[in-house]
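Enquirer: sequence unknown, structure follows:
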Ligand SMILES: Nc1nc2c(c(=O)[nH]1)N[C@H]1C(S)=C(S)[C@@H](COP(=O)(O)OP(=O)(O)OC[C@H]3O[C@@H](n4cnc5c(=O)[nH]c(N)nc54)[C@H](O)[C@@H]3O)O[C@H]1N2
Ligand SMILES: Nc1nc2c(c(=O)[nH]1)N[C@H]1C(S)=C(S)[C@@H](COP(=O)(O)OP(=O)(O)OC[C@H]3O[C@@H](n4cnc5c(=O)[nH]c(N)nc54)[C@H](O)[C@@H]3O)O[C@H]1N2
Ligand SMILES: [Mo]
């Protein structure tokens, strides 16, 4: 905490974003008065995104939750339903309820923790919370809402889910492909390196996205496939590369297994004409991109999350991950594919989270099936107590109608630890106030660069707020758990950093002093330049025996979306529009969607339609429309941006239901069906119908 009247500290952006920025914060008399991007940090390079530039508004927002509360009114949105209580009473209420559920015939597995990455900090997001729920014997949560489909597909191929090209090397590239990646918004510091590559090396920036996203608009070349058809597109590229003998045969021979079998499949089954039919991308474009990809080096494919959120998302990422090996892109500085860098760290997450403390045989619940879990549709005991932190599931989880129906259960005991009165807080029995990133200590890794970072506490906690780790210490003490398993932050930091070779020499003291330290990696980091991969065969597995053993196609193939108009014509006759719902640049998932300035910049919820689809429904720009399917509905304003093809639509999110007309968000229509691998979410695999709303839009829940 600041003792001198004026201090300058370096904090770390807590958001779930690959950039993990270093922020310079000025504190005067204990109050943070300025916050900006760190000029000295090699990846942050002096700028913050439009969301975080106003983080101080969030820290000092009058809407912050300032003290614990318990529910006195009915569950659901509406004012005056909570009353203030003290921390002791709150901890007592939770401990008592956990004890009684654990001691009942349903047992401790009727308790479910539910969290994601409201903060990415290791201490606040995955340390004492895990230990606490393991010791309690609670159900485990499979954290699948974001990255597991592609992570598993990539891992089968490469042997590690989160090792890839060095993002800093993007500046050296001559060809950059944003594949299902809205890089300009969701990874803006990598985008700035891509722009620099364009300036310095004349790099061509390509974007592959069914939506003409801000990134696509600013690229040199935009390919616009039908949603969920990326694996077919990648196989079409392979067809052309092998047909025209453009492959890097030396790299294929040394660094891969199964090249001949993959070549045969690509040549036999994925000629450009057929791929064009599946994807809607012209055969000439497929030919042209294949030729450029095979011959222009260094080339980077930034494969991100957009294409993973479909039924075949795992296979799509696996297929794309094969491409650099076929053309030898890994040889070059900056070349290859980048999904995530987080596997480079080797942080000791076992020591932090202690999975050994969980009783053997404890069930795991897939977080994408929260609705089913709360409505008793999954095997095992019912969920009777839920503890939510770092997450806003009432807004972000799929099949919102089901999730809300579950949350409304009178017999469900729900705790929500939050900074703000979110949609999820509306259903809480006990609300706990959380600290912001300036108010607690943490350490950070990143999934988009290679620095380890320390976040000091810069100001005192606002009101009575407490950090996640502090609350678990208090709960553990009340339940009589061994205190040595709930040590101070310093000890946790030391345990986490006692990890793999890339962390050599990075101890808490040195990290605190430096703020940010690059992992012990060569300057010219090229993880697979020599064709050696951490797979069972030691090579890039174009053919995967492990996939075969797991009952999957061992070769890359096209797995259509669950709700694909080509393969589900009967469904598409009722719901003809494929709806994508990626985040808006002003929001971070649902974070900031309650902030006045961010909401003003974002405007009302919109649905972007093609002019043709709008006209055939009698809709014009700005009209309110109802978007619906068998799962649910939401309302949004029609926007004719020219950014989508007929038959698809985009509704950027994620708005809070309690703050929008109609009281539900885009996730009222999304499905809790899972991906082919990794149990991932299929948010963008979503057929809907759209109709014009006559008259004014319905009121929002808080207007009632
Ligand atoms: N501003 C901002 N930044 C963020 C976030 C945020 O909410 N706001 N969220 C953070 C988080 S948690 C994550 S996981 C990342 C996500 O980062 P990105 O992966 O960039 O995420 P999206 O914007 O969801 O999807 C990227 C693009 O994929 C497209 N897409 C959808 N379906 C398909 C498809 O079938 N094929 C192809 N080729 N493209 C498709 C979408 O139209 C979208 O433009 O961003 C992080 N950064
Ligand atoms: N339709 C659709 N749905 C999506 C997506 C999409 O693109 N389309 N994106 C998906 C993706 S990629 C993701 S990652 C998920 C993200 O879903 P969430 O992880 O729920 O992310 P946020 O909406 O940012 O909510 C995080 C919450 O954590 C709180 N928080 C922040 N710091 C702390 C802290 O220190 N302690 C506590 N207790 N709370 C804290 C914030 O106030 C915020 O309300 O959403 C998914 N949902
Ligand atoms: Mo995410």
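Expert: Perfect, thanks for sending it. Note that this is a predicted model, so its numbers are computed, not measured. Ligands and ions are numbered 1, 2, ... in the order given.
Enquirer: make it CA atoms for all contacts and neighbour counts henceforth
Expert: OK.
Enquirer: so the spatially closest residue to residue 220 that is not a sequence neighbour versus residue 486, what's the distance?
Expert: Leaving aside its chain neighbours, residue 220 sits nearest to residue 205 (5.2 Å; criterion: C-alpha to C-alpha, 6 or more residues apart in numbering). The spacing between residue 205 and residue 486, counted by C-alpha to C-alpha, to the nearest Å, is 48 Å.
Enquirer: ok, residue 621 next?
Expert: 56 Å.
Enquirer: higher neighbour count, those two?
Expert: Using other C-alpha atoms under 10 Å as the criterion, residue 621 and residue 486 rank with residue 486 on top: 22 against 15.
Enquirer: look up how far residue 427 lies from the closest residue to ligand 2 within the stretch 551-700 of the chain.
Expert: Minimum separation of the stretch 551-700 of the chain from ligand 2 (C-alpha to the nearest ligand atom) falls at residue 590, amounting to 3.3 Å. Distance of residue 590 to residue 427, given as C-alpha to C-alpha: 17 Å.
Enquirer: how about residue 99?
Expert: The gap separating residue 99 from residue 427 is 21 Å, by C-alpha to C-alpha.
Enquirer: show me what the host helix or strand of residue 637 is packed up against.
Expert: Element membership for residue 637 (DSSP states H and E) is strand 633-639. Judged by 3 or more C-alpha pairs under 8 Å, 6 or more residues apart in numbering; DSSP states H and E, the packing partners of strand 633-639 are strand 606-608, strand 624-628.
Enquirer: let's have those strands in CSV, adding mean pLDDT.
Expert: CSV is the format used below for these (pLDDT from 0 to 100):
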stretch, mean pLDDT
strand 606-608, 98
strand 624-628, 97
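Enquirer: give me the phi and psi for the residue lying closest to the residue of the stretch 551-700 of the chain closest to ligand 2 once chain neighbours are set aside.
Expert: Closest residue to residue 590 apart from its sequence neighbours, by C-alpha to C-alpha, 6+ apart: residue 654 at 4.8 Å. Main-chain torsions, residue 654, degrees, to the nearest 10: phi -110, psi 120.
Enquirer: next, the contact list for residue 654, please.
Expert: Counting by C-alpha atoms under 8 Å, 6 or more residues apart in numbering, residue 654 touches 395-396, 583-584, 587-590, 593, 665-666.
Enquirer: counting neighbours, which of the residues you listed comes out on top?
Expert: Within the contacts of residue 654, most neighbours by other C-alpha under 10 Å means residue 666, with 31 neighbours.
Enquirer: isn't that one right up against residue 651?
Expert: Yes. The criterion here is C-alpha atoms under 8 Å, and residue 666 meets it with residue 651 at 7.2 Å.
Enquirer: give me every residue in the stretch 101-250 of the chain lying close to ligand 1.
Expert: Contact residues (C-alpha under 6 Å from any ligand atom) of the stretch 101-250 of the chain with ligand 1: 146, 179-183, 185-187, 208-211, 213, 227-228, 230.
Enquirer: now, the residues you listed that are in strands?
Expert: Here DSSP state E is the test, and these give 179, 208 as lying in strands.
Enquirer: what sits up against the worst-scoring helix or strand of the chain on mean pLDDT?
Expert: Within the chain, no helix or strand scores below helix 596-602, which has a mean of 94 by mean pLDDT, DSSP states H and E. With contacts defined as C-alpha under 8 Å, 6+ apart, helix 596-602 is touched by 51, 584, 586-587, 592-593.
Enquirer: from the chain's centroid, how far away is that helix?
Expert: 22 Å (C-alpha atoms, centre = their mean, to the nearest Å).
Enquirer: get me the contact residues on the stretch 551-700 of the chain for ligand 1.
Expert: Residues of the stretch 551-700 of the chain found near ligand 1 (C-alpha under 6 Å from any ligand atom) are 580, 582-589, 684.
Enquirer: buried stuff in the least confident helix or strand of the chain?
Expert: Neighbour-count burial for helix 596-602, with 16 or more other C-alpha atoms under 10 Å as criterion, is recorded at 598-599, 602.
Enquirer: let me know the closest of the residues you listed to residue 25.
Expert: Residue 25 has its nearest neighbour among those in residue 598, at 20.8 Å by C-alpha to C-alpha.
Enquirer: longest single helix anywhere in the protein?
Expert: In the chain, taking DSSP state H as the definition, the longest helix is helix 87-103.
Enquirer: let me see the contact set for the spatially most central residue of the chain.
Expert: By C-alpha atoms, centre = their mean, the mean C-alpha position of the chain lies nearest to residue 146, the distance being 4.1 Å. By C-alpha under 8 Å, 6+ apart, residue 146 lies in contact with 305, 680-681.
Enquirer: hmm, 7 Å instead?
Expert: Contacts here follow C-alpha atoms under 7 Å, 6 or more residues apart in numbering; on that basis residue 146 touches 680-681.
Enquirer: ditto for the one 3 residues further on
Expert: With C-alpha under 7 Å, 6+ apart as the criterion, the residues that contact residue 149 are 308, 313-314, 675, 677-680.
Enquirer: neighbour-wise, which of the residues you listed leads?
Expert: The contacts of residue 149, ranked by neighbours (other C-alpha under 10 Å): first place residue 313, 37 neighbours.
Enquirer: quick one, strands of the stretch 551-700 of the chain?
Expert: 577-580, 606-608, 624-628, 633-639, 648-650, 687-692 (DSSP state E, counting those that start in this stretch).
Enquirer: export these as TSV, with columns for mean neighbour count.
Expert: Conversion of those to TSV gives the following (neighbours: other C-alpha atoms under 10 Å):
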stretch	mean neighbour count
strand 577-580	25
strand 606-608	25
strand 624-628	22
strand 633-639	24
strand 648-650	24
strand 687-692	22
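Enquirer: how about the nearest residue to residue 362, chain neighbours excluded?
Expert: The nearest residue in space to residue 362 (C-alpha to C-alpha, 6+ apart) is residue 139, at 6.1 Å.
Enquirer: ok, the one you found touching residue 363?
Expert: Yes. Residue 139 sits in contact with residue 363 when judged by C-alpha atoms under 7 Å, with a separation of 5.5 Å.
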